[in-house]
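Visitor: attaching a predicted model along with its sequence, questions to come.
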Amino acid sequence: MYKLRPTLNYLVFPKYLYMKRSELLFTAIKPPLDYLALILAGLAAYAIRYLPSVQNIRPVIFNLSFTDYFSLVLLISACWLGIFALIGLYNSRGIKKLREEMAKVFVGCLAGLALILAVMVFSRYLFDSRFIILTGCFLALVFVGAERLIIRLLKRFAYRFGIGVYRVAIFGNVTIATLLKNEFNDHLSLGHKVVAEFELFNEEIADKLKQMVAADAVDEIIAINPSTDPTMALDLINFANENHLDFKYTADFLGTQLTNLEVATYAGTPVIEVKKTRLDGWGRINKRTFDIIISSILAILLLPVMLLVAIAIKLDSPGPVFFKYKRIGQFGKSFTYFKFRSMIKDAHQYRFDPEFLAQQKNLRQGSPMMKFKADPRVTQVGKFIRRFSIDELPELFIVIVGKMSLVGPRPHEIEEVDKYQRHHKKLLTIKPGITGLAQVSGRSDLNFEDEVKLDTYYIENWSLGLDLQILFKTPWAVISRRQTL
């Protein structure tokens, strides 16, 4: 039976990406706020030690200037953040229960205290004031704990207005579904709300879910019946991937082995999420930061080259400097793509001319893509800039504004995406890239299915190290002459 509950989030806050950004914001602010709390704890301990009332009880017998002390506090606080990271205080989805988070903060502060004492014992460095050390560690526990509690309260306040709430469609056992609904309703800090319930997954239900996806009314699918037919389970996973929904299931739900799993417990039930990519939480934040820094530096360094290319294009053939049109990006959203024009004016229209197509050899025959050998539409300047991928340099500015990434699947055209099969649509899980694993593995020589396999591997196994490897290989891939188009 299908039941759609019109939630506040559904009616007022329909932006899926907006919710994701709010979650990322709360994740990203924790390290700087923790750092600030630790610094304030150290400064407060110093101030307390020099209070007249405290000195009357225990006079200060050591010489410790504020400047030297402040420098040590900055260094120690940075090391303390490393300890917090090691014990899991910066997990991208956060720690679900308050007591678990406070316990980790307590362990982290004890470990920080142990680190300071170890440095003092083995190097006789820092300063001889047990009062400041013990008071600072106690205040660190208080300040960081209070800061974490405030973040939780802000998140809960946001959840009451539907901001950042994950809207869930549940499949399977009615009893467990009721337990999950009650858990989500009773604990708003979990940030989930059930918006639909289904017993089975079939074409009728798929159509209803597609309507909800189109209305941006659902974010996750949770399958909770362990005895569900594995075929239906795989259909649900494929549907989630195709429509860019998160997918979670109860333990022992699937007999197949899957990668990128994340386990959480709700109402005493283990729920496992099949993550489409590692590019979530801190992965997404790190990649975006990396993109902004590197693309900005490259854009500045290559600006003289781009100016020369623009002049050459204008002198070579009539038409604009840039070729602009719509391409498909993350989650199947279209965006305005532009690069240096390397073809004659209005060359794109020839793709739909039967007479022109009959005269050309499509190197991607049998795939959604079109690439012509010795394409007659390419200009003289275009041949040169395409040969060395100079025509793609303006994509750096698209990366800066956030529509593309330095590394990722190529941004495909609308006509190509319309012909995608189901497994091709996984390429739309992340932002398209200027370069990618497929490009450095074979450039234009690869057939489309091989390109899809490489890009899928990249999506499932992303890391900053892999991005760096691809970027370092890109210049050689550009210079090495493979199949000439």
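Guide: Received the coordinates, thanks.

Visitor: neighbours of Ala477, how many?
Guide: Ala477 sits with 16 neighbouring residues when counted by other CB atoms under 10 Å. Using the backbone N, CA and C atoms, a C-beta is placed for each residue, glycine as well.

Visitor: return the distance of it relative to Glu23.
Guide: Ala477 is 36 Å from Glu23, where distance means CB to CB, to the nearest Å.

Visitor: quickly find the element holding the residue located most distally from the centre of the chain.
Guide: Relative to the C-alpha centroid of the chain, counting by CA atoms, centre = their mean, Asn56 is the outermost residue, at 54.9 Å. Element membership of Asn56, judged by DSSP states H and E, is helix 52-57.

Visitor: what is the rounded mean pLDDT of that helix?
Guide: What helix 52-57 shows for mean pLDDT is 77.

Visitor: and it, C-alpha only, in CSV?
Guide: Extracted C-alpha coordinates of helix 52-57, given in CSV (Å, rounded to 0.1, in the frame of the first residue of the first chain):
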residue,chain,number,x,y,z
PRO,A,52,44.9,37.1,42.3
SER,A,53,42.7,34.8,44.2
VAL,A,54,44.4,31.7,42.8
GLN,A,55,47.9,33.2,43.3
ASN,A,56,47.1,33.8,46.9
ILE,A,57,46.5,30.1,47.3
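
Visitor: what comes into contact with it?
Guide: Here helix 52-57 makes contact (CB atoms under 8 Å, 6 or more residues apart in numbering) with Ile48, Phe131.

Visitor: helix or strand right after that helix?
Guide: Later in the chain than helix 52-57, the nearest helix or strand by DSSP H and E is helix 66-86.

Visitor: could you pull out the buried residues of that following helix?
Guide: Across helix 66-86, burial judged by 16 or more other CB atoms under 10 Å covers Tyr69, Leu72, Val73, Ile76, Ser77, Trp80, Leu81, Ile83, Phe84.

Visitor: ok, stretch 107-120 next?
Guide: Gly108, Cys109, Gly112, Leu113, Ile116.

Visitor: and the third one, what element?
Guide: Secondary structure assigned from DSSP H and E places Gly112 in helix 98-123.

Visitor: following the chain past that helix, name the next helix or strand.
Guide: Following helix 98-123 in sequence, per DSSP H and E, is helix 130-160.

Visitor: residues contacting the following helix or strand past that following helix, please?
Guide: Once the chain leaves helix 130-160, the next helix or strand it forms, by DSSP H and E, is strand 166-171. Identification of contacts with strand 166-171 by CB under 8 Å, 6+ apart yields 7, 9-10, 19, 177, 180-181, 184, 191-201, 209, 212, 217-225, 228, 236, 246.

Visitor: which of those residues fall within strands?
Guide: Residues of those located in strands (DSSP state E): His192, Lys193, Val194, Val195, Ala196, Glu197, Phe198, Glu220, Ile221, Ile222, Ala223, Asp246.

Visitor: name the spans of the stretch 251-400 of the chain whose pLDDT lies under the cut-off.
Guide: Applying pLDDT under 70 to the stretch 251-400 of the chain flags residues 251-270, 272-276, 347-374.

Visitor: Ala196 touches Val218, doesn't it?
Guide: Yes. Taking CB atoms under 8 Å as the definition, Ala196 is a contact partner of Val218 at 6.7 Å.

Visitor: neighbour count winner among these two?
Guide: Using other CB under 10 Å as the criterion, Ala196 and Val218 rank with Val218 on top: 23 against 20.

Visitor: would you confirm that Ile39 contacts Leu72?
Guide: No. When contacts are counted by CB under 8 Å, Ile39 is not listed as touching Leu72 (10.9 Å).

Visitor: and the angle from the helix holding Gly112 to helix 66-86?
Guide: 130 degrees (axes from the mean of the first three to the mean of the last three CA atoms, to 10 degrees).

Visitor: by contact count, what packs against helix 98-123?
Guide: Helices and strands touching helix 98-123, by 3 or more CB pairs under 8 Å, 6 or more residues apart in numbering; DSSP states H and E, are helix 66-86, helix 130-160.

Visitor: with distance to Glu242 and mean pLDDT as new columns, can those helices be given to me in CSV?
Guide: Formatted as CSV, the helices and strands packed on helix 98-123 follow (distance: least, CB to CB, whole Å; pLDDT from 0 to 100):
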stretch, distance to Glu242, mean pLDDT
helix 66-86, 35, 89
helix 130-160, 28, 88
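
Visitor: format those as TSV; extra columns: distance to Glu395.
Guide: Shown next, in TSV, are the helices and strands packed on helix 98-123 (distance: least, CB to CB, whole Å):
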stretch	distance to Glu395
helix 66-86	33
helix 130-160	35
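
Visitor: nearest to Ile311, out of those?
Guide: Smallest distance to Ile311 across the helices and strands packed on helix 98-123 (CB to CB): 48.4 Å, for helix 66-86.

Visitor: what about Lys403, which SS state?
Guide: coil (DSSP: H, G, I helix; E, B strand; the rest coil).

Visitor: between the ones in strands among the contacts of strand 166-171, which sits nearest Tyr90?
Guide: Using CB to CB, those come closest to Tyr90 at Asp246, 20.4 Å.

Visitor: hmm, the closest one is touching Glu220, no?
Guide: Yes. Counting by CB under 8 Å, Glu220 is a contact partner of Asp246 at 4.2 Å.
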